[in-house]
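Undergrad: Can you look at this prediction? I've put the sequence above it.
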Amino acid sequence: MERLSLTEWAVLAALAERPAHPFAVARLLREDGDVGRVLTVRRPLVYRAAERLAAAGMCRPVRREPGEGGPERTVYRATSAGRRALEEWLAEPVSRVRDLRLAFLLKVRLTRRAGRSPLPLVRAQRLALAPRLGALAATNTPPAEEIALWRWHGARAAQAFLEDLEQGLGR
């Protein structure tokens, strides 16, 4: 299977928590949902993700239920292969500073929902980005050019965020 999208990882994580139909998973990924606060996904994309995950052997349909005033709903469950892939993905730090906002925060939220501490991921993330963040934030004088200035501020904010997150989780 090709690489999974963030939407597919989020759907797989929800199905690893418990069997569900895409309509229920979509509630979790709404703008006001627990995971949707990090990554908001529209319902049709959740259905498409479940179908792609099933085709890849990461989840499988387990039963059909009557819909609430609509068609029957297919309930999916994560497979052991899907659970293994999810565990590997959740433990892997992101490689770019810009991926902290979505991919990393999604991993932190999903790890917490799985009942585990994201502290090992946060520590691995700090190590993975240390060379890049250190290089970007090395000077105390902000650069004049707008793109360099944006990156400089972003690196400083990312560094502070990761430090504060690690400290908060370490308590």
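TA: On my side now, so go ahead. Numbers count the residues shown, from 1 in each chain.
Undergrad: Which helix runs longest in this structure?
TA: helix 146-169 (DSSP state H).
Undergrad: which helices and strands sit right next to that helix?
TA: Packing contacts for helix 146-169, counted by 3 or more CB pairs under 8 Å, 6 or more residues apart in numbering; DSSP states H and E, involve helix 119-136. The C-beta positions use only the backbone N, C-alpha and C, and glycine is treated the same way.
Undergrad: that older thread, for the longest helix of the chain, output the C-alpha coordinates as CSV.
TA: The C-alpha coordinates for helix 146-169 follow below in CSV (Å, rounded to 0.1, in the frame of the first residue of the first chain):
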residue,chain,number,x,y,z
GLU,A,146,10.7,37.6,5.5
ILE,A,147,11.0,33.9,4.8
ALA,A,148,14.1,33.5,6.9
LEU,A,149,12.3,35.6,9.6
TRP,A,150,9.3,33.3,9.5
ARG,A,151,11.4,30.2,9.8
TRP,A,152,13.5,31.8,12.6
HIS,A,153,10.3,32.5,14.7
GLY,A,154,8.9,29.1,13.8
ALA,A,155,12.0,27.3,15.0
ARG,A,156,12.0,29.2,18.3
ALA,A,157,8.3,28.6,18.9
ALA,A,158,8.7,24.9,18.0
GLN,A,159,11.6,24.5,20.3
ALA,A,160,9.7,26.2,23.2
PHE,A,161,6.6,24.1,22.5
LEU,A,162,8.5,20.8,22.6
GLU,A,163,10.4,21.8,25.7
ASP,A,164,7.2,22.8,27.5
LEU,A,165,5.3,19.7,26.3
GLU,A,166,8.1,17.4,27.5
GLN,A,167,8.2,19.2,30.9
GLY,A,168,4.5,19.0,31.3
LEU,A,169,4.4,15.3,30.5
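Undergrad: That one vs helix 119-136, what angle?
TA: Helix 146-169 and helix 119-136 are oriented at 150 degrees to each other (axes from the mean of the first three to the mean of the last three CA atoms, to 10 degrees).
Undergrad: what does helix 146-169 contact?
TA: For helix 146-169, contacts defined as CB atoms under 8 Å, 6 or more residues apart in numbering pick out 97-98, 100, 108, 117-119, 122-123, 125-126, 129, 132-133, 136-137, 139, 142-143.
Undergrad: I appreciate the help and will end here.
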